[in-house]
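Novice: Pasting the sequence and the predicted coordinates here, then a few questions.
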Amino acid sequence: VESNPFFASDFFEVKSPLARTIELPPRCSSHSWNHGCYSFIASPNDTSTELGRYAANISSQMALDANFNGRGENHGYELFDDEEYIDDWLYLNQNATAVAILFHYHGDSNDEIPKISYSIQ
């Protein structure tokens with residue numbers, strides 16, 4: 001920054017990005033999986049951790065908001081243990097869901113505000 005004062009102001013300006021509205025996934029169409037389909041799947045499935053409880057709560061609320069069936073039900077949603085399990089399940093059950101949501105925890109468990117992010121697969 002000191003070597004180029006022209007750009008120095010860029011580093012001091014506080015940015016306030018606009019929040020993006022997240023669209024709910026569409027209801028699945030059971031056309032290829034013998035057991036029906038899930039409108040979405042998510043991980044982790046571990047209610048003994050803060051991230052697992054967060055994933056369960058968010059998934060349940062998303063399904064409720066989108067008027068999907070419940071967890072483990074056809075046209076509902078499901079939680080899986082981790083990303084590796086989701087990868088294996090997606091490979092073995094192709095076209096059984098449109099989206100997988102992978103929740104991630106960043107930081108220390110002592111953080112006052114948890115840093116949780118997600119990725120879409």
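Specialist: Yes, it's here. Residues are numbered from 1 along each chain as shown.
Novice: Give me the neighbour count for Pro26.
Specialist: Pro26 is flanked by 12 other residues according to other Cβ atoms under 10 Å. Yep, even glycine has a C-beta here, placed from its N, CA and C like the rest.
Novice: Which helix in this protein has the most residues?
Specialist: helix 50-65 (DSSP state H).
Novice: what's the spacing between that helix and its chain's center?
Specialist: Offset of helix 50-65 from its chain centre (Cα atoms, centre = their mean, to the nearest Å): 9 Å.
Novice: give the contact list for the spatially most central residue of the chain.
Specialist: Closest residue to the average C-alpha location of the chain: Ile101 at 3.1 Å, with Cα atoms, centre = their mean. Residues counted as contacts of Ile101 (Cβ atoms under 8 Å, 6 or more residues apart in numbering) are Phe40, Ile41, Ala42, Ser43, Ala55, Ser59, Tyr118, Ser119, Ile120, Gln121.
Novice: List the ones among those that fall in strands.
Specialist: Among those, DSSP state E puts Phe40, Ile41, Ala42, Ser43, Tyr118, Ser119, Ile120 in strands.
Novice: want to try CSV for these, with distance to Gly72 and neighbour count as columns?
Specialist: Shown next, in CSV, are these (distance: Cβ to Cβ, whole Å; neighbours: other Cβ atoms under 10 Å):
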residue, distance to Gly72, neighbour count
Phe40, 13, 23
Ile41, 11, 25
Ala42, 12, 23
Ser43, 15, 25
Tyr118, 21, 13
Ser119, 23, 10
Ile120, 21, 10
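Novice: so which of the residues you listed comes closest to Leu18?
Specialist: Nearest to Leu18 out of those is Tyr118 (Cβ to Cβ; 18.4 Å).
Novice: so who does that closest one touch?
Specialist: Contacts of Tyr118 by Cβ under 8 Å, 6+ apart are Ile101, Leu102, Phe103, His104.
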